[in-house]
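Student: quick check, what structure comes out for this input:
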Amino acid sequence: MKKEKFQYVCQSCGFVSPRWLGRCSECGEWNSMVEEKVTSPTVKKRSSAGGQQAVSPVSLAHVESSRETRIRCRSREFDRVLGDGIVPGSLVLIGGDPGIGKSTLMLQEGVALASQGMNVLYVSGEESLSQTRMRADRLGVNAEKLFLLPENNLENVIAAVEQNQPQIVIIDSIQTIYSSQLESSPGSISQVRECANQFLHLAKSRSVPIFLVGHVTKEGYIAGPKVLEHTVDTLLLFEGDRNHFFRILRAAKNRFGSTNEIGVFEMTDRGLVDVSNPSEIFLAQRKADISGSVVISILEGTRPLLLEVQALVSPSNYGLPQRTATGVDPKRLAMLLAVLEKRVGLRVGTFDVFVNAVGGVRIDETAADLGITLAIASSFRNQVITPNAVLVG
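Tutor: As a prediction, this is how the structure comes out:
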């Protein structure tokens, strides 16, 4: 009997080692090596290429140019991020923290598309039929053409797609789907990579849009191999604080649209609701008569946003002052503090500095630097900035 061979695969970067390592020599992560059975080359070849026909190259000049009709969504904010609708045959990955609203958004959109007469297949690898129905009742949604499939096996999911011929497929989530042709556990590097490739082939061959719901790690990256992000056509990231009502949907990659657009939603007891005027919502509860509060303007795609930036500067009781930033890059905050100390003469080196972008928005634009620095100076000197001023620069 032939002896089985095993290898150890890093769950962060996919590095393969013949022996166990406490720390991955490729990415430096600790305790990330997981044992996997080595599959024979014949099995790998059959599982990846089985059933596929050879395709001949075609000249670009002979390819017919046709504009695909995009599928409109219920949510205008979702449409905006996708690039004005769903492209047939696209593979879309939606990632975010647990409880941020990924499954809620996909269930709402699935019901809305089914209400338009489209057959939608919702594959739930984390919930039973009754649990999914309970969530739909809580959201107040229902549709005759939304079909639920509580399944984790990849081959069974593909068979269900071929049998029912849906026009939209939702997989919740990609980390729970596994292929029986691989020995590794669901969520491992090899399983996620294989399942993503099979779904990609399914979407392209049948021109069916497939949405994959994905979990993120504590560092904020999509759980699984980096190749997963390269495989999909569109990568959407759900951002926001679970303690707040607002959610930001941002496109990190989009082959069919802009990556600069964002969608703003409000989490209510009836699910996610579009926010057509985010600036009004972000500034609704602002108190204008306190120091350390300013209003800045940033550009997200084609839409300008007005945000409140709050800063708190207080004497430090410890040897090393704290530097805490929410929604702002900590390294950029450190640079701005250095500029204030060097060029302005504001001695904040012995003070704790806390900066917060209200609403859960992440500020990447350098035009917000003036507002951040003035918020810090306002709190340091306890002077109120003009309430009606909007700072840009």
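Student: pLDDT (mean, whole number) over the helix or strand that contains Val294?
Tutor: Val294 belongs to strand 293-300 when elements are defined using DSSP states H and E. Per-residue pLDDT values over strand 293-300 give a mean of 90.
Student: equivalent analysis for stretch 340-360, please.
Tutor: Per-residue scores along stretch 340-360 average to 90.
Student: what does that stretch rub up against?
Tutor: For stretch 340-360, the external contacting residues (CB atoms under 8 Å, 6 or more residues apart in numbering) are 239-241, 244, 246-248, 278, 281-282, 286, 307-316, 321-328, 333, 337, 363, 372-373, 375-377, 380. For glycine as for every other residue, the C-beta is placed from the backbone atoms N, C-alpha and C.
Student: and the buried ones among those, selectable in ChimeraX?
Tutor: Here is the ChimeraX selection string for the buried members of the contacts of stretch 340-360, based on 16 or more other CB atoms under 10 Å:
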select :239,240,246,247,248,278,282,286,307,308,309,310,311,312,313,321,323,325,327,328,333,337,363,372,373,375,376,377,380
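Student: now go through the contacts of stretch 340-360 and say which are in strands.
Tutor: Counted as lying in strands by DSSP state E, out of those, are 239, 246-248, 307-315, 323-326.
Student: what are the buried residues along stretch 75-90?
Tutor: Residues of stretch 75-90 classed as buried by neighbour count (16+ other CB under 10 Å): 75, 77-90.
Student: just the CA coordinates for it, please, in CSV.
Tutor: This file holds the C-alpha atoms of stretch 75-90, laid out as CSV (Å, rounded to 0.1, in the frame of the first residue of the first chain):
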residue,chain,number,x,y,z
SER,A,75,-30.4,49.6,-4.2
ARG,A,76,-29.1,52.6,-6.1
GLU,A,77,-26.1,52.7,-3.8
PHE,A,78,-25.3,49.1,-4.7
ASP,A,79,-25.7,49.9,-8.4
ARG,A,80,-23.3,52.9,-8.0
VAL,A,81,-20.5,50.7,-6.5
LEU,A,82,-21.0,47.9,-9.0
GLY,A,83,-20.6,50.4,-11.9
ASP,A,84,-24.3,51.0,-12.8
GLY,A,85,-25.6,47.4,-12.4
ILE,A,86,-24.7,43.7,-12.4
VAL,A,87,-22.7,42.5,-15.4
PRO,A,88,-23.9,39.0,-16.7
GLY,A,89,-21.3,36.3,-16.1
SER,A,90,-19.4,38.4,-13.5
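Student: which secondary structure state does Glu64 sit in?
Tutor: coil (DSSP: H, G, I helix; E, B strand; the rest coil).
Student: tell me how many other residues crowd it.
Tutor: 4 (other CB atoms under 10 Å).
Student: for the chain, what's the longest helix?
Tutor: Using DSSP state H, we find that the single longest helix of the chain is helix 189-206.
Student: quick one: residues in contact with the helix or strand following that one.
Tutor: Going down the chain from helix 189-206, the next helix or strand is strand 210-215, by DSSP H and E. Contact with strand 210-215 is made by 90-95, 98, 102-103, 106, 168-175, 196, 199, 202-203, 222-224, 228, 232, as judged by CB under 8 Å, 6+ apart.
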